[in-house]
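Enquirer: 3D, please:
(2 chains)
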Amino acid sequence: MLVLNIRLAIEVKGMKILLFGIAKDIAGAPFIHIDAPVAKVAALKEHLYQQYPRLRELRSCMIAVNKVYATDDAALQPGDEIAVIPPVSGG
Amino acid sequence: MNVWIDIKEHITVQEALDFVQSPDSGGVAVFVGNVRNETKGKPVRQLFFECYAPMALLELEKIAEHTRAAMSIKKIAILHVSGNKLPGDTVVVIAAAAPHRAAAFEACQYAIDTLKETVPIWKKEFFEDGEVWVAAHP
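Expert: This next block holds a predicted model:
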């Protein structure tokens, strides 16, 4: 029971982040979980840059929240769908 | 249905044209993007397209709706592929139908330019000596 409670607490506090293209290659996984409390996009980006310094070398690195591009001051809520969007190159 | 947005493995010019043709549109323009066989003089063996599909579809819809609201487009299809593609393969088709040709040309230009800037799709080029995510680095 105790173990279950701890797991639930981590899941609520933590965040799942989707990665695509070169960001996926840099992180070595299609998604990651972070447990650090990050309330805003800017803090999330800083956390990601520290964990994966090569993200800084990209031409741009956007964050999408719930499938919409988010600005640095956008707030993050538990349960948001968060994605790292490296420079796009469709077409 | 006046807008058709899709991301799938195979797309054709004909299916996009068939969707947009109608008697109220005297002008239909089509943009077709194919895999080029070289980049900066280096032969390209194949491409791989990765998509964040749920968001890509939303961004494509925004593009389509803008052409209808601001350019008097009657019907528009924007189709993009995902997965592995070879030189010569078609990877994007945009067909736009309007009462007059100017709007149709303008919509195609706007749609492909905006797609390349905003839609979360990524292309990896495979060369004989390695592979690279296109435009990732400055």
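Enquirer: please count neighbours and contacts with C-alpha atoms only from this point.
Expert: Noted.
Enquirer: just so I have it, where are all the helices in chain B?
Expert: All helices of chain B, identified by DSSP state H, fall at B:13-20, B:53-70, B:101-118.
Enquirer: now these in JSON lines, with mean neighbour count, distance to chain A and mean pLDDT?
Expert: Shown next, in JSON lines, are these (neighbours: other C-alpha atoms under 10 Å in any protein chain shown; distance: least, C-alpha to the nearest C-alpha, whole Å; pLDDT from 0 to 100):
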{"stretch": "helix B:13-20", "mean neighbour count": "17", "distance to chain A": "14", "mean pLDDT": "98"}
{"stretch": "helix B:53-70", "mean neighbour count": "18", "distance to chain A": "5", "mean pLDDT": "98"}
{"stretch": "helix B:101-118", "mean neighbour count": "19", "distance to chain A": "5", "mean pLDDT": "98"}
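Enquirer: quick one: closest of these to B:Pro87.
Expert: Across the helices of chain B, B:Pro87 has its closest neighbour in helix B:13-20 (16.7 Å, C-alpha to C-alpha).
Enquirer: got a list of contacts for that closest one?
Expert: Helix B:13-20 is touched from outside by B:2, B:4, B:28, B:30, B:32, B:74-79, B:93-97, with contacts defined as C-alpha atoms under 8 Å, 6 or more residues apart in numbering or on different chains.
Enquirer: near chain B, which residues of chain A show up?
Expert: Within chain A, the positions adjacent to chain B are A:20-22, A:57-60, A:67-68, A:85-91 by C-alpha under 8 Å from any C-alpha of the partner chain.
Enquirer: tell me the bridge partners for the most centrally placed residue in chain B.
Expert: Geometric centre of chain B, nearest residue: B:Val92, 3.4 Å, by C-alpha atoms, centre = their mean. Per DSSP bridges, the residues bridged to B:Val92 are B:Gly33, B:His80.
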